[in-house]
Every structure is written in C-alpha cells, then in structure tokens.
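**Student:** pasted the sequence and its predicted model underneath.
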2 protein chains.
Amino acid sequence: MSPTTETLTAERILEATEEVLRRHGPAKATVVDVARALGVSHGSVYRHFRTKAALREAVTQRWLDRTAAALAGFVTEERDPEARLRDWLRGLFDAKRHKACDDPELFATFSVLTGENSGVVDQHIAELTAQLAEIVRDGVARGAFTAGSDPAVTARAIFQATGRFHDPAYAGEWRRPGVEEEFAAVVDLLMRGLRAADGGA
Amino acid sequence: MSPTTETLTAERILEATEEVLRRHGPAKATVVDVARALGVSHGSVYRHFRTKAALREAVTQRWLDRTAAALAGFVTEERDPEARLRDWLRGLFDAKRHKACDDPELFATFSVLTGENSGVVDQHIAELTAQLAEIVRDGVARGAFTAGSDPAVTARAIFQATGRFHDPAYAGEWRRPGVEEEFAAVVDLLMRGLRAADGGA
DNA sequence: CAGCTGACAGAATTCAATATCTGTCAGCTG
DNA sequence: CAGCTGACAGATATTGAATTCTGTCAGCTG
C-alpha cells in the first residue's frame, strides 16, 4: 500500500510533512499522519528526526531557505545598486505577500512554525541581512551609497525599517489598499538616506 | 462596605477596571470583579458601559491617550525640527520600553487589550502620525526637511519604519543588547533621507 | 544486520459535565 | 423617580476523565 517503494529519506519525510501540514494545519498534524502518508510506521520517521519538534524545524528551514535563495539573485547582479536594492526589497515583499494572500491558511501554518522555531528564523534573518549588506557594500564601493559606518549595520537598519512589509506579524495589513504607497514611501525615504551626499547629480 | 461613598462615575469605574486588570490579568478580569472593587452590584456597571467590551475599549483608549499626550509636547516646541523629531521618536520608544520592561505583566495585559480594540488603536496611530506630520511640516517650512510630497505620507513612513521600536509585537526584542544601536541606525538613516538636499551645510 | 514495525508508558489533547460570567430587567430604595 | 440591586437565561470558561499522541525499544524481516 505504500505510495512508492523508494527508500525512506529525510527529504521524502519533509515533503510528506509539508503536505500533512498543508492538509491538517499546524495544530492537528501528527507524526502518525506523516508516517501514514508515507506508508510506513511512525517509528521509522523517528529514525530520521529525533523529535517532532526537530521535524517541524527542518520543514521551517526548508521553507525559509527557498525564500532566501529566490532573493540571492539580486545580490550578485551587475547593475545599479539602488535599483538592485529596491528590487530586492520589492521581491521580498511580493514573495511574502503572495504567499499570505494566495493561500492564507498555509501562510498561517508557516507563521505558527516560524513562531515555534525562533532559532531558525534568526538564522534566516541573518542570511537576508547578509544579502542586503552585500548590496550596500557594493553600492558604497561604487560611490552610489554613503553607508554611515558599517554596511552590516545599515543593512540591518534597512531590514528592520521595512519590517512591516515582510514580517508575518503584519500579514493582515498587506491586503489593505494603500500598502503599495506606504511601501513606496518607506523605501523612497530609505533610499534618499542611503544615497551618496553628492546625490549622483 | 463601599470603599468610598462617592457617586459612581464612568471615571471611577475605569479606574477600578484598570486596577482589576492589573491584579487579575486580561483573561480573568470580570465585570463582577470590577463591581466588587467598587462596592456596587455588577448591574450598576452596565448602567455606564453597555458591554464588557465597551468597558475594556474605554480603558484601552485612556491608556493610549496618556501616551499620546506625553508626546504632544515635542510637536509645539520652538526648536530644530530634526532634534524634535529625534526626541519624539526616542520619547515613544522609551515610554513603550519602560512600560514593557518595568512591568511586563501589565504590559502584556495591555497588549491583549490593544489586540482586541483595533479601532481604538487605529485612532491612536492616526493621532501619533498626525503629531509626526506636524513636525515634518514644520521642518519643511523651515527648510530643514525635504518631504517628498505630502508630509502626512512621510510621517506615516517614519512611523512605520520605526515600528520595531514601538509596536508591542516586538516588545520581546527591547531587552536585547544592541537595540539601542539598532534604533540609532534606523533613526539616522531616516533623518538623512529627510534632510533637505543642501544638507544644512 | 540495517532498517522497519508495533506495543507500550507517559505526556498532551479532547470532550462533556459543571461552574462562572455576561447582560437584562422587574422591582426596591432613598 | 433616578439610580441601584440581584435573580435569571443564555453564553462562556473550567475541570477532570477518557482519548490520542509522542518517543522508545525489543524483536521481526528481507
């Protein structure tokens, strides 16, 4: 009765766990459900993940890593740093907003998971701000930006200042009319603060 | 047995309700408790507030109004607009942070209340951004700021960009070492974006 | 013998019975 | 008679007994 006869891998378990979470939600997804979906006993799942918490953490990490990977492209491009920075911020906002608006239940599920796994989230945020710092550093090197002192500090400030447009806590606001304008206003203000004093004029 | 023999006023009920909330927390504070604290029957409380929700809403508003009033001073001062803006933002951050750190339980209670009363909170935020807009408008008039288009839009952007330092959702972060620097970095970036192009040089 | 199974103990959740609370109102009281 | 009381009905919350889940492990299977 197994869905497939492939060997049981961590990857397949993660896949099944995501599916179970999608179907049952975070409160009712059990590891027995996951095992059933894979056609194995739940004891087998524990061979790959020490605890249910570890399994959920791994799913969370996978999810967050996908987002980070999608944004990495903007970092290495050969283009105007300000444009790249704007695109990166917009990319993050759009990605989150689409997830939140297209499938609110799934998004709520992952909001619960991220709430449970602050360590993984901290790591994710560190990765994102590192990407931002890279763009800022490049902008400073090219004379497009004036980063106060440390690009990493500036990057963190940019990330925090735009929190309303990527922190799941604010997901409810992303449907409201006017968010677009609010996003633009915040980004514009930040970009003006970031531009080199000579203004590129 | 009444604590006092004064007539029962809305004000006295609000006072007692705050006390009951402080003692019992938001989940266990009942209107019977409030009535008992005042030495009256709970029916009397309903003479002044149609529902328990209305009572809690009024308490919430009182609480938020106090914060807003404390900041209003910075708006009308005759000083460098940038300094006033910085002081206003710091004032908001310090006020919230002290409330959150000095009495975490009470702060949690009010976080629950604000979560219940989004209408009142929206009004409070509108008032705060109006104060900000006033400072921005003044700064533009004096040639200290370049507000992109509408001071109100800029004010909203400033408020949202500093959300991490006043939104109760982030209260947990306010104890961490480094918040001070993060706050400074965000505010500096915003101030640079706000300053007139001539830089006041 | 590497990997899986399924019975098991203790932890966590559900559910229904019970207790408490909200909001109303007829009547009391000063 | 303006304002308060307290009994009441329906709604909500609490409790603890019964179910379900997690995590382990001795033994089965290919």
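**Tutor:** Received it, and whenever you're ready, just let me know what you need. Numbers count the residues shown, from 1 in each chain, chains lettered A, B, ... in the order given.
**Student:** please make it C-alpha for all contacts and neighbour counts, starting now.
**Tutor:** Will do.
**Student:** separation between the residue in chain A that chain B sits nearest to and A:T146?
**Tutor:** Relative to chain B, the nearest point of chain A is A:G193 (3.4 Å; C-alpha to the nearest C-alpha). Distance of A:G193 to A:T146, computed by C-alpha to C-alpha, to the nearest Å: 8 Å.
**Student:** same thing with A:V75?
**Tutor:** 18 Å.
**Student:** quick revisit: the residue of chain A closest to chain B is in contact with B:V187, isn't it?
**Tutor:** No: assessed by C-alpha atoms under 8 Å, A:G193 is found out of contact with B:V187, at 10.1 Å.
**Student:** and for the residue of chain A closest to chain B, the neighbour number?
**Tutor:** A:G193 has 22 neighbours, counted by other C-alpha atoms under 10 Å in any protein chain shown.
**Student:** just want the angle from the one helix or strand it maps to to helix B:179-194.
**Tutor:** Per DSSP states H and E, A:G193 falls inside helix A:179-194. Orientation check (axes from the mean of the first three to the mean of the last three C-alpha atoms, to 10 degrees): helix A:179-194 against helix B:179-194 gives 90 degrees.
**Student:** low-scoring stretches of chain A, by residue?
**Tutor:** Residues of chain A that meet the criterion pLDDT under 70 lie in A:1-5, A:196, A:198-201.
**Student:** any idea where the helices of it begin and end?
**Tutor:** If DSSP state H is used as the criterion, the helices of chain A fall at A:10-28, A:31-38, A:42-48, A:52-76, A:81-102, A:104-116, A:118-141, A:151-161, A:179-194.
**Student:** most packed of those?
**Tutor:** Among the helices of chain A, helix A:151-161 has the highest mean neighbour count (mean count of other C-alpha atoms under 10 Å in any protein chain shown), at a mean of 23.
**Student:** for chain B, tell me whether that one is touching it.
**Tutor:** Yes: using C-alpha under 8 Å from any C-alpha of the partner chain, helix A:151-161 reaches chain B at A:V153, A:T154, A:R156, A:A157, A:I158, A:Q160, A:A161.
**Student:** re the thing from before, report the backbone C-alpha coordinates of the helix holding A:G193 in PDB.
**Tutor:** Extracted in PDB, the C-alpha atoms of helix A:179-194 (Å, rounded to 0.1, in the frame of the first residue of the first chain):
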ATOM      1  CA  VAL A 179       0.000  49.400   1.300                       C
ATOM      2  CA  GLU A 180       1.600  49.900  -2.100                       C
ATOM      3  CA  GLU A 181       2.000  53.600  -1.400                       C
ATOM      4  CA  GLU A 182       3.200  53.000   2.100                       C
ATOM      5  CA  PHE A 183       5.800  50.600   0.900                       C
ATOM      6  CA  ALA A 184       7.000  53.100  -1.700                       C
ATOM      7  CA  ALA A 185       7.100  55.900   0.800                       C
ATOM      8  CA  VAL A 186       9.300  53.900   3.200                       C
ATOM      9  CA  VAL A 187      11.600  52.700   0.500                       C
ATOM     10  CA  ASP A 188      12.000  56.100  -1.000                       C
ATOM     11  CA  LEU A 189      12.800  57.600   2.300                       C
ATOM     12  CA  LEU A 190      15.400  54.900   3.000                       C
ATOM     13  CA  MET A 191      16.900  55.300  -0.500                       C
ATOM     14  CA  ARG A 192      17.300  59.000   0.000                       C
ATOM     15  CA  GLY A 193      19.000  58.400   3.300                       C
ATOM     16  CA  LEU A 194      21.300  55.900   1.700                       C
END
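**Student:** show residues contacting it.
**Tutor:** Contacts of helix A:179-194 from elsewhere in the structure, counted by C-alpha atoms under 8 Å, 6 or more residues apart in numbering or on different chains, are A:82, A:86, A:145-147, A:158, A:161-162, A:165, A:173, B:153-154, B:156-158, B:160-161, B:189-194.
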